[in-house]
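In: model this:
(one chain, ligands or ions: 1)
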Amino acid sequence: MSNQTDAANQGTNLSATRQRSPLVGEDFPDEAYAVIATILKQQQNFDLASYKSVNMKRRLAAYLRSCGCTDPLHYSAELADRAEEQKQLIAAMGIHVSHFFRNPSTFLALKSRILPEVLRMSRRQNSKLRIWSVGCALGEEPYSVALLLKDMVQKGDQFAIVGTDLSPDALKRAKNGCYPVDRLKEVPPAMLEKYFSAQAQLYQINEEIRQLVQFFRHDIISEEIIYRADVILCRNLLIYFSRDKQQQVLKLLAGALSPGGYLVLGRAETLAPDCRNLFFCVDPAERIYRRTVDL
Ligand SMILES: C[S@@+](CC[C@H](N)C(=O)[O-])C[C@H]1O[C@@H](n2cnc3c(N)ncnc32)[C@H](O)[C@@H]1O
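Out: Okay, here's the model as predicted:
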């Protein structure tokens, strides 16, 4: 990570903060965390308070360790005047873990039941099928859906796939569509052969598939709906949010879904209790829900 080196070399003399034992998330002082949260909110409009502090403290500690800094109080005290460092810190806290066809059984359910159903609906209504991948990381999820749909659509079908993420860097990489082999381990060999080309140590997804997905920066806790969709995938993102924010996001997603539209969560995620009137479960194992018709 270039940000590690940059941060380590920057003018605040982080080396002056070198201390004894390696810093871990559990030791991250609340006081320093609160100062960092205030600075990031005021100066970068990044709402650290929306995320579970236990996860974010772990990431902050890892970042400071990578900079050789073990004094979070000192670090937080100097952060206010360092706009570039604030951006690097936010980038370092974003974890873009993903891979193509992550949880293959979920994609099997999409392929065999959900996508055929929504395609039928859009044909009946003569409308465009719209799919939104929220927190799309480097694009693996929306491209996986594009690879499935590519083989399912018939002449005259119209569809649009949108991927959004908070991280500009992740979106840049998503648009470029180059992946190391470990992110492609669930891609069937014939699909790999047909739709990817090897580029040094990476595989790039072909232009034909790249053109099927549009990427935008969007903060899902901004309370704005930027897209209306028939299927929303919001997987492995809610788990990082506090309970209040999970509810807020689920309400927003219900508002963004067409009546009867589908919501797909991550395998470790569930509906917050306050949102159970907004959706009903159609596949408990795969965490697939349907928006109730009347909100
Ligand atoms: C663990 S990845 C999940 C990727 C993919 N959905 C999957 O399940 O494989 C979570 C992604 O959510 C993004 N993210 C974090 N906070 C976000 C927010 N407030 N709005 C939109 N995306 C966010 C991160 O940048 C990261 O790329």
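
In: Could you point out the longest strand of the protein?
Out: The residue-count maximum for a strand in the chain (DSSP state E) belongs to strand 257-265.

In: which other helices and strands contact that one?
Out: helix 115-124, strand 229-234, strand 288-291 (3 or more C-beta pairs under 8 Å, 6 or more residues apart in numbering; DSSP states H and E). (Each C-beta comes from the backbone N, C-alpha and C, glycine too.)

In: can you list the residues of this structure near the ligand?
Out: 94-98, 102, 135-137, 141, 165-167, 170, 219-221, 235-237, 266 (C-beta under 6 Å from any ligand atom).

In: Which stretches in the protein count as helices?
Out: 2-9, 30-44, 53-66, 72-79, 83-93, 104-109, 115-124, 140-150, 168-176, 189-195, 207-210, 243-256 (DSSP state H).

In: how about TSV for those, with distance to Ala229 and mean pLDDT added?
Out: Shown next, in TSV, are the helices of the chain (distance: least, C-beta to C-beta, whole Å; pLDDT from 0 to 100):
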stretch	distance to Ala229	mean pLDDT
helix 2-9	33	38
helix 30-44	28	94
helix 53-66	27	92
helix 72-79	37	94
helix 83-93	27	90
helix 104-109	17	98
helix 115-124	10	96
helix 140-150	11	98
helix 168-176	18	96
helix 189-195	24	96
helix 207-210	19	97
helix 243-256	6	94
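
In: and among those helices, the most buried is which?
Out: Mean neighbour counts were compared across these using mean count of other C-beta atoms under 10 Å; the top stretch is helix 140-150, at a mean of 23.

In: tell me what that helix is packed against?
Out: With contacts taken as 3+ C-beta pairs under 8 Å, 6+ apart, helix 140-150 sits against helix 115-124, strand 129-134, strand 159-165, helix 207-210, strand 213-217, strand 229-234.

In: Helix 115-124 and that one, what's the angle between them?
Out: If you take axes from the mean of the first three to the mean of the last three C-alpha atoms, to 10 degrees, helix 140-150 sits at 60 degrees to helix 115-124.

In: How far off centre is helix 140-150?
Out: 15 Å (C-alpha atoms, centre = their mean, to the nearest Å).

In: Residues contacting it, please?
Out: Residues outside helix 140-150 that contact it (C-beta atoms under 8 Å, 6 or more residues apart in numbering) are 98-102, 107, 110-111, 115, 131, 133, 136, 159, 161-163, 174, 177, 179, 183, 187, 191, 195, 205, 209-210, 212-213, 215, 233, 235.

In: returning to what we had before: I'd like the helices of the chain laid out as JSON lines, including distance to Asp274.
Out: Listed next are these as JSON lines, based on distance: least, C-beta to C-beta, whole Å:
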{"stretch": "helix 2-9", "distance to Asp274": "37"}
{"stretch": "helix 30-44", "distance to Asp274": "25"}
{"stretch": "helix 53-66", "distance to Asp274": "21"}
{"stretch": "helix 72-79", "distance to Asp274": "34"}
{"stretch": "helix 83-93", "distance to Asp274": "27"}
{"stretch": "helix 104-109", "distance to Asp274": "24"}
{"stretch": "helix 115-124", "distance to Asp274": "26"}
{"stretch": "helix 140-150", "distance to Asp274": "26"}
{"stretch": "helix 168-176", "distance to Asp274": "30"}
{"stretch": "helix 189-195", "distance to Asp274": "40"}
{"stretch": "helix 207-210", "distance to Asp274": "38"}
{"stretch": "helix 243-256", "distance to Asp274": "5"}
